[in-house]
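Asks: Sequence and predicted structure, then a few things I'm wondering about:
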Amino acid sequence: MSTEASAVTELPDASTDRIALVHGDERISSAELRERVDRLAGALAARGLTDGAPVALVLPNVPAFPIAFLALLRAGAVVVPLNPHFKEAELAFHFRDSGVRAVITDADGEPGCRSVAEQLDSPPELLVDLDALEAGDLPPVPGADADAVYQYSSGSTGRPKRVPRTHAHLRAEADAYVAATGLTAEDSVFCTIALFHTYGMGCCLMAAVCSGASLILFDNPNPFLLQRARALEQIEREGATVFPGVPFTFRMLAEAPEDVDLSSLRLCFSAAAALPRATFKAFHERFGVPVRELYGCTEAGCVTVNADADPRGTVGSVGAPIEGVELRIVDEAGEPVEEGRIGEVLIRSAAMTPGYADAAELNADAFRDGWFRSGDRGRIDEQGRLFLTGRTKRLIDVRGDKVDPVEVEDVLAVHPKVAEVVVLGVESDVPGEETVKAVVVSAGDAQERELIRYCRERLADYKVPSRVEFREEIPTGPGGKVLRSKLLD
């Protein structure tokens with residue numbers, strides 16, 4: 001399919017009985033997927049959800065997610081994929097910021113979404129039973145330059161930033177990723193990554209759609225420690241061949257006591273956080289499959305893939321840029337550095353957003369001259385492989401999820417018993433994994449349990465501090481800058 005068309009106008013093998021989606025015991029063929037996507041697209045169009053209408057998709061990894069996602073794209077709406085574990089305050093921000101016209105959710109998500117919707121000046125319609133919607137005619141296929149998704153990126157501004165990407169952007173990423181990994185209709189992708197996340201959307205959902213591979217949705221993955229035996233059994237039973245995951249997942253599987261055969265796997269990829277060498281070694285020795293790394297971001301999707309012939313010798317590299325992606329390493333002044341030197345990673349990509357929505361001042365800096373300043377630091381070796389070495393922005397990696405400390409600070413700062421607060425990431429007992437810590441100067445008799453409960457009522461669980469430390473004052477330098485290094489003890 002050409003990038004001049006929507007990413008879903010021609011689902012591969014759409015007229016066959018080949019399995020496209022697997023979820024537990026449920027199996028959906030390519031032909032059934034096509035029929036369900038078209039039917040829902042017509043129903044959405046009949047409700048006026050076309051021509052760029054933003055629609056929130058608040059669902060876990062169940063078949064309804066990819067079906068609704070693809071139907072919204074086909075109808076010409078804009079998908080706003082949101083974490084189904086968001087609390088009402090988080091949902092309210094995203095609903096307002098993106099101006100959603102409708103919300104697609106399930107019975108579990110309906111109460112929270114309805115409560116938020118009723119608080120808005122123009123309440124969006126809630127769509128829970130998609131099968132009950134009356135079908136209508138399919139609208140014209142949206143153009144390649146039409147917006148397809150609004151995703152949200154964490155950063156240093158305290159609030160997530162809306163990232164618009166078009167049909168052409170999604171297709172460019174999917175085609176390049178499929179080419180880099182050699183994904184075909186003979187593959188089956190085992191997905192534990194949340195589909196609302198850029199990683200799951202690009203490297204699982206869209207990659208499977210555009211290659212014709214089967215997509216295996218691992219049902220009920222949390223808490224993963226208690227579900228890992230089922231995950232291993234499903235990989236073996238389904239003969240999964242490609243497994244994108246995060247370091248925590250691969251460590252949990254490597255440490256599992258179950259005896260299973262994972263020889264069907266030909267590719268495992270880790271992203272969202274650095275892969276510890278100990279995890280690479282443990283998984284490889286246990287199952288005989290090396291875990292390669294890839295790198296991406298909300299603004300550009302997948303950027304690099306380690307497809308090197310020697311995965312052992314290139315441990316630590318996130319690989320070379322995929323087709324359509326250029327990288328540049330620059331110093332603090334924005335000037336390119338010599339080969340092999342460390343600097344900030346700049347990205348230019350055919351799949352990249354042109355900028356954050358309604359943020360002209362921020363875009364002038366973050367997307368200067370068509371290059372996106374990723375906030376990641378790294379180096380490029382003589383073979384063009386990228387090695388990441390750290391961050392220039394203070395994001396916290398919590399088992400693959402990114403937490404903006406400023407967002408957590410904003411929540412705690414309005415508590416009446418908090419005078420000052422600084423939030424930071426600290427190393428957990430597991431190498432390469434972080435937890436969220438809040439350092440608080442109390443304005444009253446604040447208790448740790450009280451502040452954690454306050455955050456839990458307002459933030460998704462992965463953003464909630466696991467520890468609150470009380471101090472008499474926040475250490476600062478001569479210019480008033482917080483000395484974060486003194487808060488790590």
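Replies: Sure, I can see it.
Asks: Spit out the contact partners of the nearest residue to Asp106 once chain neighbours are set aside.
Replies: In this structure, Asp106 finds its nearest non-sequential neighbour in Leu59, 5.9 Å apart by Cβ to Cβ, 6 or more residues apart in numbering. For the C-beta atoms, the positions are set from N, CA and C on the backbone; glycine is no exception. Leu59 sits next to Phe65, Ala68, Pro84, Ile104, Thr105, Asp106, Gly109, Phe196 when contact means Cβ atoms under 8 Å, 6 or more residues apart in numbering.
Asks: And Leu275, by the same measure?
Replies: Counting by Cβ under 8 Å, 6+ apart, Leu275 has contacts Pro247, Phe250, Val291, Glu293, Val315, Gly432.
Asks: got a markdown table for those, with distance to Glu344 and secondary structure too?
Replies: Output for the contacts of Leu275, formatted as a markdown table (distance: Cβ to Cβ, whole Å; DSSP: H, G, I helix; E, B strand; the rest coil):
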| residue | distance to Glu344 | secondary structure |
| --- | --- | --- |
| Pro247 | 23 | helix |
| Phe250 | 28 | helix |
| Val291 | 26 | strand |
| Glu293 | 19 | strand |
| Val315 | 23 | coil |
| Gly432 | 22 | coil |
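Asks: Mind splitting the protein into its structural domains?
Replies: 19-379, 396-487 (automatic domain parsing).
Asks: Kindly report which one of those domains carries the lowest mean pLDDT.
Replies: Comparing mean pLDDT across the domains of the chain, the lowest value falls on domain 396-487: a mean of 89.
Asks: what's the residue closest to the geometric middle of this structure?
Replies: Residue closest to the mean C-alpha point of the chain, counted by Cα atoms, centre = their mean, is His197 at 2.4 Å.
Asks: Against Pro431, how distant is that residue?
Replies: Distance, His197 to Pro431, using Cβ to Cβ, to the nearest Å: 23 Å.
Asks: go on, Cys203?
Replies: Cys203 is 25 Å from Pro431, by Cβ to Cβ.
Asks: Tell me which of these two has more neighbours.
Replies: Remark: of Cys203 and Pro431, Cys203 carries more neighbours, 29 against 13, as counted by other Cβ atoms under 10 Å.
Asks: Contact partners for the residue nearest to the more buried one when sequence neighbours are not counted?
Replies: Among residues not flanking Cys203 along the chain, Pro244 sits closest, at 4.8 Å (Cβ to Cβ, 6+ apart). Taking Cβ under 8 Å, 6+ apart, we find Pro244 in contact with Val189, Cys191, Ile193, Tyr199, Gly200, Cys203, Cys204, Cys268, Phe269, Ser270, Ala271, Leu294.
Asks: Am I right that Pro244 falls within a strand?
Replies: Yes. Counting by DSSP: H, G, I helix; E, B strand; the rest coil, Pro244 falls inside a strand.
Asks: beta partners for it?
Replies: Beta-bridge partners of Pro244, counted by DSSP bridges, are Phe269.
Asks: That one and Pro54, how far apart?
Replies: In terms of Cβ to Cβ, Pro244 sits 27 Å off from Pro54.
Asks: circling back to that earlier point, of the contacts of Pro244, closest to Leu91?
Replies: Gly200 (19.4 Å; Cβ to Cβ).
Asks: and that closest one, what is it in contact with?
Replies: Contacts of Gly200 (Cβ under 8 Å, 6+ apart): Asn61, Cys191, Ile193, Ala194, Pro244.
Asks: export the residues you listed to CSV and tack on secondary structure and distance to Glu407?
Replies: Supplementary listing: those in CSV, determined by DSSP: H, G, I helix; E, B strand; the rest coil; distance: Cβ to Cβ, whole Å:
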residue, secondary structure, distance to Glu407
Asn61, coil, 24
Cys191, strand, 27
Ile193, coil, 22
Ala194, coil, 18
Pro244, strand, 26
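Asks: Isn't Pro221 up against Thr192?
Replies: Yes. Using Cβ atoms under 8 Å, Pro221 is in contact with Thr192, at 5.1 Å.
Asks: Helices of the protein, residue ranges please.
Replies: Ranges of helices in the chain, per DSSP state H, are 30-46, 64-75, 88-98, 110-117, 167-181, 198-200, 207-211, 224-238, 247-254, 277-287, 360-366, 405-413, 448-456.
Asks: quick one: the strands in the stretch 351-489 of the chain?
Replies: With DSSP state E, counting those that start in this stretch applied, the stretch 351-489 of the chain shows strands at 372-380, 386-391, 396-398, 401-403, 418-427, 434-442, 467-470, listed in chain order.
Asks: Of the ones you listed, which is nearest Ala20?
Replies: So among the strands of the stretch 351-489 of the chain, strand 401-403 is nearest, using Cβ to Cβ, at 27.8 Å.
Asks: Can you list the strands that the closest one pairs with?
Replies: When DSSP bridges is applied, strand 401-403 pairs with strand 396-398 (antiparallel).
Asks: mind checking how far the strand it pairs with is from the chain centre?
Replies: Distance of strand 396-398 from the chain centroid (Cα atoms, centre = their mean, to the nearest Å) equals 13 Å.
Asks: And for it, what's in contact with it?
Replies: Contacts of strand 396-398 (Cβ under 8 Å, 6+ apart): 272-273, 402-405, 423-425, 433-436, 462-463.
Asks: go again using 10 Å as the cut-off
Replies: Residues from elsewhere that reach strand 396-398 (Cβ atoms under 10 Å, 6 or more residues apart in numbering): 154, 246-248, 272-274, 391, 402-405, 408, 423-426, 428, 432-437, 461-464, 466.
Asks: With stretch 440-456 instead?
Replies: Residues from elsewhere that reach stretch 440-456 (Cβ under 10 Å, 6+ apart): 87, 408, 411-423, 436, 438, 461, 463-474.
Asks: just to revisit the earlier point, spit out the residues that contact Pro221 and Thr192 alike.
Replies: The contact sets of Pro221 and Thr192 overlap at Asn61, Gln227, Arg228, Ala231, Thr249 (Cβ under 10 Å, 6+ apart).
Asks: Perfect, I'm done here.
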